[in-house]
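Student: sequence and predicted model, in that order:
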Amino acid sequence: MTNELFFDTDCLSAFLWINDTNLLEQLYGGKIVIPGPVYQELSNPSIPHIKRRADALLNKDVASVKQIDTDKAEYNLYRTLVKGTKTEKAIGKGEAAGIALAKTYGGILASNNWKDIALYIDKYNLKHIDTGTILIEGLEKGLITEEQGNTVWEQMLNKNRMLPEKTFSDYLKRHKK
């Protein structure tokens, strides 16, 4: 079992959009894995600042890129998830890559897209975190306050990031139940 975190695009980009990766660096420095398809999505030429911010994590060795090897088990799962089956709908390349790598290497999936990943979290018994649980971990370790978590959350919402609650405090309340 590895303690690497395989990020999909939405979870990592929530922090990249607000240009605040300090918490990720403090909590998971060296353990962040950006699947190849996620790195491609972050490299969209219409948002070059996002790629620059991802590259900064790579240059500091806080994160690494892991390609989906076509001659390894992860590729077959990745391909199945992207194409879908008769009983399971196709999901995005970023989510599929994160799931395939987390399953293959026994890592943790970091994704905010619960609707697309819930089935696979259960099916493959994956450990999972999202932006809210990252903030909670930062709060529990004394790296941020609840107020700072609310500020980060608000900044993410202002950048049109999809989060499950209106505030971090609301997320905390739901998480404690």
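Tutor: Good, I have the coordinates.

Student: and the residue of the chain most remote from its centre, how close does it get to E147?
Tutor: Within the chain, the residue lying farthest from the chain centre (Cα atoms, centre = their mean) is K86, at 27.0 Å. In this view, K86 and E147 are 49 Å apart by Cβ to Cβ, to the nearest Å. In short, each C-beta sits where N, CA and C put it, glycine included.

Student: do the same with I117
Tutor: In terms of Cβ to Cβ, I117 sits 30 Å off from E147.

Student: show me how the chain divides into domains.
Tutor: As assigned by automatic domain parsing, the chain contains the domains 5-130, 132-176.

Student: JSON lines for the ones you listed, including mean pLDDT?
Tutor: Formatted as JSON lines, the domains of the chain follow (pLDDT from 0 to 100):
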{"stretch": "domain 5-130", "mean pLDDT": "94"}
{"stretch": "domain 132-176", "mean pLDDT": "93"}
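
Student: contact partners of stretch 128-144?
Tutor: By Cβ atoms under 8 Å, 6 or more residues apart in numbering, the residues outside stretch 128-144 that reach it are 5, 11, 14-15, 23-24, 26-27, 108-112, 114, 117, 121, 145-146, 149, 152-153, 156, 161, 163-165, 168, 171-172, 175.

Student: first-to-last residue distance for that stretch?
Tutor: Length of stretch 128-144, first residue to last, Cα to Cα, to the nearest Å: 21 Å.

Student: distance between that stretch and the chain's centre?
Tutor: Taking Cα atoms, centre = their mean, to the nearest Å, the mean C-alpha location of stretch 128-144 is offset from the chain mean by 13 Å.

Student: buried ones in that stretch?
Tutor: Applying a neighbour-count criterion of 16 or more other Cβ atoms under 10 Å, the buried positions in stretch 128-144 are H128, I129, D130, T131, G132, I134, L135, I136, E137, G138, L139, I144.

Student: next one: phi and psi at the last one?
Tutor: In terms of degrees, to the nearest 10, the main-chain angles of I144 are phi -140, psi 160.

Student: over to the third one?
Tutor: Dihedral angles of D130 (phi, psi; degrees, to the nearest 10) stand at phi -140, psi -180.

Student: for the fourth one, same thing?
Tutor: With angles defined as degrees, to the nearest 10, T131 sits at phi -60, psi -40.
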